[in-house]
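Novice: Predicted model and sequence below, questions to follow.
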Amino acid sequence: MKKQTIHVTINGTEYTKTIEPRLLLSDFLRHELGLTGTHVGCEHGVCGACTILFDGEPVRSCLMFAVQTDGHTLQTVEGLGTPDKLHPLQEAFHEAHGLQCGFCTPGVLMTLIPFLEKNSDPTETEIREAISGNLCRCTGYQHIVDAVKIAAHKNTDTN
């Protein structure tokens, strides 16, 4: 197969890369760019661990080819915050113990970012529905729900 050149912006950085057309986006992020925060779990789009933002909307990067990102803007968990300045949602996860092993956390965070932008005061039911496509094997989800409630209040307090 003939390689293709793509131009994509990821976490505010522009990349021009020549890649195989069949390269999965998750593999491109992890192996070509070193953005290993995007985790690969099931490789079928079921677990949600590989969720990133594609033009602001959550997508499963294991279900997309990297060539599909040409001309688009992506955000991975690495683009949320820094160790010195966490994103409010990351702070809330820390405060509420919303993670255990952390494998699902990047995908959960990337799912919740646009959810909280659209819903500043979600109910527990709405939160559980929002994360229903993200599987976590460590928690009973309650601490994740609690973290989302804290993050929603943080966003309200800063606006």
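Specialist: That came through fine. Residues are numbered from 1 along each chain as shown.
Novice: Could I get the buried residue list for the helix ranked longest in the chain?
Specialist: Secondary structure of the chain per DSSP state H: the longest helix is helix 142-158. Buried residues in helix 142-158, counted by 16 or more other Cβ atoms under 10 Å: 143-152, 154-155. C-beta coordinates here come from the backbone N, C-alpha and C atoms, glycine included.
Novice: pLDDT check: weakest of those?
Specialist: Taking these together, the minimum pLDDT is found at residue 155 (68).
Novice: that older thread, take the buried residues of helix 142-158 and lay them out in CSV including distance to residue 93.
Specialist: Below are the buried residues of helix 142-158 laid out as CSV (distance: Cβ to Cβ, whole Å):
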residue, distance to residue 93
143, 8
144, 8
145, 11
146, 9
147, 5
148, 9
149, 12
150, 9
151, 8
152, 13
154, 11
155, 14
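Novice: where exactly do the strands run in this protein?
Specialist: If DSSP state E is used as the criterion, the strands of the chain fall at 4-10, 13-19, 51-54, 57-60, 73-75.
Novice: how close does the residue nearest the centre of the chain sit to residue 7?
Specialist: Centre of the chain computed as the mean C-alpha position; nearest residue by Cα atoms, centre = their mean is residue 110, 2.6 Å away. Residue 110 is 22 Å from residue 7, where distance means Cβ to Cβ, to the nearest Å.
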